[in-house]
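Chemist: fold the following.
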Amino acid sequence: MRIGIGYDVHKLVENRKLIIGGVTIPHEKGLDGHSDADVLVHAIMDSLLGALAMGDIGKFFPDTDMKYKGVDSMLLLKEVASFIDEKGYKIGNIDSVIIAQQPKMAPFIDSMRVRIAQVLEIDVEQVGVKATTTEHLGFEGRKEGISSSSVAILFKK
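Modeler: Residues are numbered from 1 along each chain as shown. This next block holds a predicted model:
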């Protein structure tokens, strides 16, 4: 068995869609980044890559490569899933948390779980997504950005 952790953070800015967990969330701001800036999916990818001891998403999908400009992070997640398969592992489960003061994530969590499970070709029960605020503390609490963390466990096939 292999365990990995991941963390990501993106700044909230005007004129960007807010995409988290592959779901577009209505909000006056979106996350800034080279790709679609899906903070949850980026943390999940890092936890999966970490479990494989392969580094992080910057190694495979660098923000200096224009082919990843504006890319859908779910496509990148699919590629990470292929790495897991190639290395002879399967996903046991993923547990993750989104840290954001606003917007409220609860109405979108089930859709996020379904989308992530579909892309990884695993059961939705293997994907945990939670959300919390920071009680107005820190950059998340000031609504300057959103962060996410994830842990994943992989088993040999």
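
Chemist: quick one: residue 156 and residue 87 touch, right?
Modeler: No: assessed by Cβ atoms under 8 Å, residue 156 is found out of contact with residue 87, at 9.3 Å. The C-beta positions use only the backbone N, C-alpha and C, and glycine is treated the same way.

Chemist: between those two, point out the one with more neighbours.
Modeler: residue 87 (15 against 9; other Cβ atoms under 10 Å).

Chemist: OK, contacts around that one?
Modeler: residue 52 (Cβ atoms under 8 Å, 6 or more residues apart in numbering).

Chemist: try 10 Å this time
Modeler: Listed by Cβ atoms under 10 Å, 6 or more residues apart in numbering, the contact set of residue 87 reads 2, 51-54, 154, 156-157.

Chemist: so where's the protein shaky on pLDDT?
Modeler: When residues are selected by pLDDT under 70, none of them lie in the chain.

Chemist: beta partners of residue 8?
Modeler: Using DSSP bridges, the beta-bridge partners of residue 8 come out as residue 148.

Chemist: hang on, the earlier thing: what touches both of residue 156 and residue 87?
Modeler: residue 2.

Chemist: buried ones from the contacts of residue 87, can you make that a PyMOL selection?
Modeler: With 16 or more other Cβ atoms under 10 Å as the criterion, this PyMOL line picks the buried residues out of these:
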select buried, resi 2+51+52+154
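
Chemist: any idea how far stretch 72-84 is from the chain center?
Modeler: Stretch 72-84 has its C-alpha centroid displaced from the chain centroid by 11 Å (Cα atoms, centre = their mean, to the nearest Å).

Chemist: give me the residues contacting it.
Modeler: The contact list for stretch 72-84, computed with Cβ under 10 Å, 6+ apart, reads 2, 19-22, 33, 35-42, 44-49, 51-52, 54, 57, 60-61, 68, 89-91, 115-116, 118-122, 152, 154, 157.

Chemist: so for it, what gets flagged as buried?
Modeler: Those would be 73-74, 76-77, 80-81, 84, for stretch 72-84 by 16+ other Cβ under 10 Å.

Chemist: same check, this time on stretch 32-52
Modeler: Buried, per 16+ other Cβ under 10 Å, within stretch 32-52: 33-52.

Chemist: pull that stretch out as CSV, backbone CA atoms only.
Modeler: Output of stretch 32-52 as CSV, limited to C-alpha atoms (Å, rounded to 0.1, in the frame of the first residue of the first chain):
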residue,chain,number,x,y,z
ASP,A,32,-6.3,32.3,-11.2
GLY,A,33,-4.0,29.8,-12.7
HIS,A,34,-2.3,28.6,-15.9
SER,A,35,-4.9,25.8,-16.3
ASP,A,36,-8.5,26.0,-15.2
ALA,A,37,-7.0,26.3,-11.6
ASP,A,38,-9.2,23.5,-10.2
VAL,A,39,-7.7,23.6,-6.7
LEU,A,40,-9.4,20.4,-5.5
VAL,A,41,-8.3,18.3,-8.5
HIS,A,42,-4.8,19.7,-8.3
ALA,A,43,-4.5,18.6,-4.7
ILE,A,44,-5.9,15.2,-5.5
MET,A,45,-3.4,14.7,-8.4
ASP,A,46,-0.6,15.6,-6.1
SER,A,47,-1.7,13.1,-3.5
LEU,A,48,-1.9,10.4,-6.2
LEU,A,49,1.5,11.3,-7.6
GLY,A,50,2.9,11.4,-4.1
ALA,A,51,1.7,7.9,-3.4
LEU,A,52,3.6,6.8,-6.5
